[in-house]
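Student: Structural data only, the sequence is not supplied:
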């Protein structure tokens, strides 16, 4: 699946892990749990229309500052790392 491909390409890569650990609190949610009121409230709040959805959320105001779907896979490790570092 695309979720697994993105996990393997980015979220298991040492440079991405380091960039995330420096400035972010990563949270992974299984969006297939449509019976969960928590998941459905997040889907509604952040206008999620499909999975995978990768968001960078500014915590103070809970505003989405970056959003990707499967298009994230098209970025290189360096491109994604640069985006993470520019948003931190």
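Tutor: Everything's here; your move. Note that the structure is a prediction, hence the values are computed from the model and not measured.
Student: so what's the residue nearest the centre of the chain up against?
Tutor: In the chain, the centroid-proximal residue (Cα atoms, centre = their mean) is residue 54; its distance is 2.6 Å. Residues near residue 54 by Cβ atoms under 8 Å, 6 or more residues apart in numbering: 6, 66-69, 72. C-betas here are computed from N, CA, C, even on glycine.
Student: could you redo the last one with a cut-off of 7 Å?
Tutor: Residue 54 makes contact with 68, 72, according to Cβ atoms under 7 Å, 6 or more residues apart in numbering.
Student: what bridges to it?
Tutor: residue 68 (DSSP bridges).
Student: Any buried residues in stretch 64-75, and which?
Tutor: Buried residues in stretch 64-75, defined by neighbour count with 16 or more other Cβ atoms under 10 Å: 68, 70, 72, 75.
Student: any idea of the mean pLDDT for whichever helix or strand residue 43 is part of?
Tutor: Element membership for residue 43, per DSSP states H and E: helix 37-45. If you average the pLDDT over helix 37-45, you get 91.
Student: Pull the residues that contact that helix.
Tutor: 29, 31, 33-34, 48.
Student: make it 8 Å
Tutor: 29-31, 33-34, 48, 62.
Student: any idea how far the closest residue to residue 59 other than its chain neighbours lies from residue 43?
Tutor: Leaving aside its chain neighbours, residue 59 sits nearest to residue 25 (7.9 Å; criterion: Cβ to Cβ, 6 or more residues apart in numbering). The gap separating residue 25 from residue 43 is 20 Å, by Cβ to Cβ, to the nearest Å.
Student: Mind checking which of the two has more residues around it?
Tutor: Neighbours were counted for residue 25 and for residue 43 using other Cβ atoms under 10 Å; residue 43 has more, 18 against 8.
Student: For that one, give its distance to residue 2.
Tutor: Distance from residue 43 to residue 2, counting by Cβ to Cβ: 18 Å.
Student: go on, residue 32?
Tutor: For residue 32 relative to residue 2 (Cβ to Cβ), the value is 13 Å.
Student: One more: residue 47?
Tutor: 19 Å.
Student: Those two: who's more crowded?
Tutor: A direct count of neighbours by other Cβ under 10 Å for residue 47 and residue 2 places residue 2 higher, at 14 against 9.
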